[in-house]
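Trainee: next come a sequence and a model predicted from it.
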Amino acid sequence: QVQLVESGGGLVQAGGSLRLSCVASGRTFSTYNMAWFRQAPGKDREFVAAISWSDSSTIYEDSVKVRFTISRDNAKNTVILQMNSLKPEDTAVYYCAASKFLSRSPIMTNYWGQGTQVTVSS
């Protein structure tokens, strides 16, 4: 069992930065691929970024690729999403996810956090 708790969301102006953190409980954290998804009002949950458990390789959704960075610290059971050059269209609830598969699909997720709100004003 893995429990995920996100923090770091908030209100920021366009062009600003936020750093989201996700702390996991459970001794098997290091064997899970970790990801961030987001969901805007009235829209489906969409993939943002993911990082593998084995070699920390990363994948990104195209619109965030040069602005967001995902990283993990297995010793601290933590995954970070550094978000720079934020845009109003990045506004959403951001969810931390743990999966046995490195995937862009939310269907493959084993565990979800409760979400943290990110609001970018224009």
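Mentor: Sure thing, it's come through.
Trainee: helix, strand, or coil at Arg38?
Mentor: strand (DSSP: H, G, I helix; E, B strand; the rest coil).
Trainee: count of residues packed around the nearest residue to it once chain neighbours are set aside?
Mentor: Closest residue to Arg38 apart from its sequence neighbours, by C-beta to C-beta, 6 or more residues apart in numbering: Ala92 at 3.8 Å. Heads up, the C-betas are built off the backbone N, CA and C, glycines and all. For Ala92, the count of nearby residues is 22 (other C-beta atoms under 10 Å).
Trainee: so what pairs up with Ala92 in the strands?
Mentor: According to DSSP bridges, the residues that bridge with Ala92 are Val118.
Trainee: which ones are touching it?
Mentor: With contacts defined as C-beta atoms under 8 Å, 6 or more residues apart in numbering, Ala92 is in contact with Arg38, Gln39, Ala40, Lys43, Val118.
Trainee: distance of the fourth one relative to Tyr95?
Mentor: Same thing as Lys43. To Tyr95, Lys43 is 13 Å away according to C-beta to C-beta, to the nearest Å.
Trainee: the two: who's more crowded?
Mentor: Neighbours were counted for Lys43 and for Tyr95 using other C-beta under 10 Å; Tyr95 has more, 23 against 9.
Trainee: average model confidence for the strand or helix carrying that one?
Mentor: Here Tyr95 sits within strand 92-99, counting by DSSP states H and E. Computed over strand 92-99, the mean pLDDT rounds to 97.
Trainee: past that strand, which element shows up next along the chain?
Mentor: Using DSSP H and E, the next helix or strand after strand 92-99 towards the C-terminus is strand 111-112.
Trainee: packing partners of that next one?
Mentor: Where contact means 3 or more C-beta pairs under 8 Å, 6 or more residues apart in numbering; DSSP states H and E, strand 111-112 is packed against strand 3-7, strand 92-99.
Trainee: would you turn those strands into JSON lines with distance to Arg67?
Mentor: Shown next, in JSON lines, are those (distance: least, C-beta to C-beta, whole Å):
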{"stretch": "strand 3-7", "distance to Arg67": "19"}
{"stretch": "strand 92-99", "distance to Arg67": "14"}
